[in-house]
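**Q** need coordinates for the below:
(chains A and B)
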Amino acid sequence: ETGVTQTPRHLVMGMTNKKSLKCEQHLGHNAMYWYKQSAKKPLELMFVYNFKEQTENNSVPSRFSPECPNSSHLFLHLHTLQPEDSALYLCASSQPPGWTDKVTQYFGPGTRLLVL
Amino acid sequence: GQQLNQSPQSMFIQEGEDVSMNCTSSSIFNTWLWYKQEPGEGPVLLIALYKAGELTSNGRLTAQFGITRKDSFLNISASIPSDVGIYFCAGQKETSGSRLTFGEGTQLTVNP
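**A** This is a model prediction of the structure:
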């Protein structure tokens, strides 16, 4: 498998559920990202990981909990979400800044999340 | 955060026509990226630009990194129905690490 993969592709959950989104990249990158994409709004950066360490949390509510066990895998753990959290959640990867001067992000297909 | 001004917001064209869209900013960028996103999918990288003045083609797509480093444009020649989608520009600043600033997208509709 190549590129960036995400599972599941679609998820429906209740506000009291706990679920996790998974992202895997096969590009040999060392930086990974979570984005939220809501209708009619630009992409919102949520978290950045460089070499498994979180380097950016863009004021994301604690009901979203990321985990990066290694440079190839990224998870987003979801707990007690709200209906307004329904969106397309995108994972991306790149080489980290300083590693290369060509920091190009490649996106996965996304997980379409619906919170009821 | 800061956004890029991407225009037009939407375009309705006939198959075979050429298309042009652009992104502008008051800030200087080191990298310009153009992505295409289809419904239910993630953005797919079309063209990456790393140098001011750079003109790069990918099939029927051509993009340029503006000389001032504050703008970029994307042209699509001889459009076909499968060009339908949302096209996003994204810029990366030297001072922002790997963080990208995104435009709001151009929705392209191609009528056969």
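
**Q** where are the low-confidence patches of the chain?
**A** Since no chain was named, I'll use chain A. A:1-2 (pLDDT under 70).

**Q** please refer instead to chain B.
**A** Judged by pLDDT under 70, the stretches of chain B that qualify are B:1-2.

**Q** what sits against residue A:73?
**A** A:22, A:23, A:24 (C-beta atoms under 8 Å, 6 or more residues apart in numbering or on different chains). Heads up, the C-betas are built off the backbone N, CA and C, glycines and all.

**Q** got the residues you listed as a markdown table, with neighbour count, secondary structure and distance to residue A:13 columns?
**A** Formatted as a markdown table, the contacts of residue A:73 follow (neighbours: other C-beta atoms under 10 Å in any protein chain shown; DSSP: H, G, I helix; E, B strand; the rest coil; distance: C-beta to C-beta, whole Å):
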| residue | neighbour count | secondary structure | distance to residue A:13 |
| --- | --- | --- | --- |
| A:22 | 16 | strand | 15 |
| A:23 | 27 | strand | 18 |
| A:24 | 19 | strand | 21 |
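
**Q** list the contacts of residue B:52.
**A** Taking C-beta under 8 Å, 6+ apart as the test, what residue B:52 contacts is B:65, B:66, B:67, B:68, B:69.

**Q** is the residue in chain B that chain A sits nearest to in a helix, a strand, or coil?
**A** In chain B, the residue found nearest to chain A is residue B:42; the distance is 3.9 Å by C-beta to the nearest C-beta. What DSSP: H, G, I helix; E, B strand; the rest coil gives for residue B:42 is coil.

**Q** look up how far residue A:55 lies from it.
**A** 22 Å (C-beta to C-beta, to the nearest Å).

**Q** please compute how far stretch A:84-99 lies from its chain's middle.
**A** Centre-to-centre, stretch A:84-99 and its host chain are 5 Å apart (C-alpha atoms, centre = their mean, to the nearest Å).

**Q** equivalent analysis for stretch A:35-53, please.
**A** Centroid separation for stretch A:35-53 versus its chain: 6 Å, with C-alpha atoms, centre = their mean.

**Q** in chain B, which spans are strands?
**A** Taking DSSP state E to define them, one finds strands in chain B at B:5-7, B:10-14, B:19-24, B:31-37, B:44-49, B:55-58, B:61-65, B:71-76, B:85-92, B:100-102, B:106-111.
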